[in-house]
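1. Return a 3D structure for these sequence lines:
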Amino acid sequence: MSDVTTARFVWVVADDLVLIPRTTAIADAYHALVAANHARLAQWSPSPQEPTLEATRAALERSGQAWLDGTRLPLAIGVPADGGHRLVGTVNLTIDAFTRSAEAGFWIDAAAEGRGYVTRALTAVLAHAFGDLNLHRAEMRTLTTNDRSRRLAERLGFTLEGVLREAAPFPDGPRDVALYALLARDFPMPSRPGAGSG
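-> Predicted coordinates for the structure are as follows:
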């Protein structure tokens with residue numbers, strides 16, 4: 001099973017980076033990515049069992065419906081490969097329209113770490129959240145022991161607002177979660193192509 005997809009609908013972030021809606025249209029490629037990273041990601045977000053294609057497809061159906069409902073922006077991160085795009089991770093916004101807020105989440109394949117994919121993907125998603133979606137606040141939650149995620153939050157301008165004690169359940173006991181937040185007024189909106197006075 002290949003983690004390459006030829007999905008037609010893509011959001012081009014850069015020549016080497018696209019975002020693709022997480023729907024059943026990419027089920028096979030997305031399942032290959034999830035299965036390859038399942039054991040590694042369990043240290044940050046434990047899953048009770050190995051993923052199956054059927055479970056992955058069901059999760060994609062739910063995320064696709066949430067996208068249509070406007071409660072989530074579920075995206076896969078892709079890079080050019082073999083006439084399509086190889087999936088290397090995910091970025092997600094869970095949206096609360098009433099409070100004009102969202103929680104950002106992400107993960108990246110081990111082989112794709114350190115290349116700036118998540119930073120650029122999240123920057124694009126946050127620009128969309130604070131621009132087109134007119135959100136006021138974005139949150140990011142991560143284990144206090146996840147140094148990479150904490151550095152990413154700080155690099156993107158998020159402020160540590162506190163620690164949620166023993167908020168994440170794990171088989172060996174609950175763990176503390178760091179809560180970061182970013183307000184729209186503190187996010188430097190990237191310039192759009194063609195913007196300016198001429």
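
2. So which residue is smack in the middle of this structure?
-> Centroid-nearest residue in the chain: residue 91, 1.3 Å away (criterion: Cα atoms, centre = their mean).

3. Report the buried residues of the longest strand seen in the chain.
-> For the chain, the strand with the greatest residue count under DSSP state E is strand 84-96. Of the residues in strand 84-96, those with enough neighbours to count as buried (16 or more other Cβ atoms under 10 Å) are 84-93, 95. All C-beta atoms are positioned from the backbone trio N, CA, C, and that covers glycine.

4. Count the neighbours of residue 133 for me.
-> By other Cβ atoms under 10 Å, 16 other residues sit near residue 133.

5. State whether it is indeed within a strand.
-> No: Residue 133 is assigned coil when assessed by DSSP: H, G, I helix; E, B strand; the rest coil, not a strand.

6. Please name the nearest non-neighbouring residue to it.
-> Closest residue to residue 133 apart from its sequence neighbours, by Cβ to Cβ, 6 or more residues apart in numbering: residue 95 at 7.2 Å.

7. OK, contacts around that neighbour?
-> Residues near residue 95 by Cβ atoms under 8 Å, 6 or more residues apart in numbering: 70-73, 101-102, 129, 133, 135.

8. Tell me which entries of these lie within strands.
-> Among the contacts of residue 95, the members found in strands (DSSP E) are 72-73, 101-102.

9. Need the single longest helix in the protein, by residues.
-> As far as residue count goes, and with DSSP state H defining each element, the longest helix of the chain is helix 53-69.

10. what residues does that helix touch?
-> 21-24, 26-28, 30-31, 34, 72-74, 92.

11. Swap in 10 Å and give it another go.
-> Here helix 53-69 makes contact (Cβ atoms under 10 Å, 6 or more residues apart in numbering) with 1, 21-28, 30-35, 47, 49, 51-52, 71-76, 90, 92, 94-95, 97.

12. Mind giving me the packing neighbours of the worst-scoring helix or strand of the chain on mean pLDDT?
-> Within the chain, no helix or strand scores below strand 4-5, which has a mean of 79 by mean pLDDT, DSSP states H and E. Contacts defined by 3 or more Cβ pairs under 10 Å, 6 or more residues apart in numbering; DSSP states H and E place strand 4-5 against helix 27-41, strand 72-81, strand 84-96.
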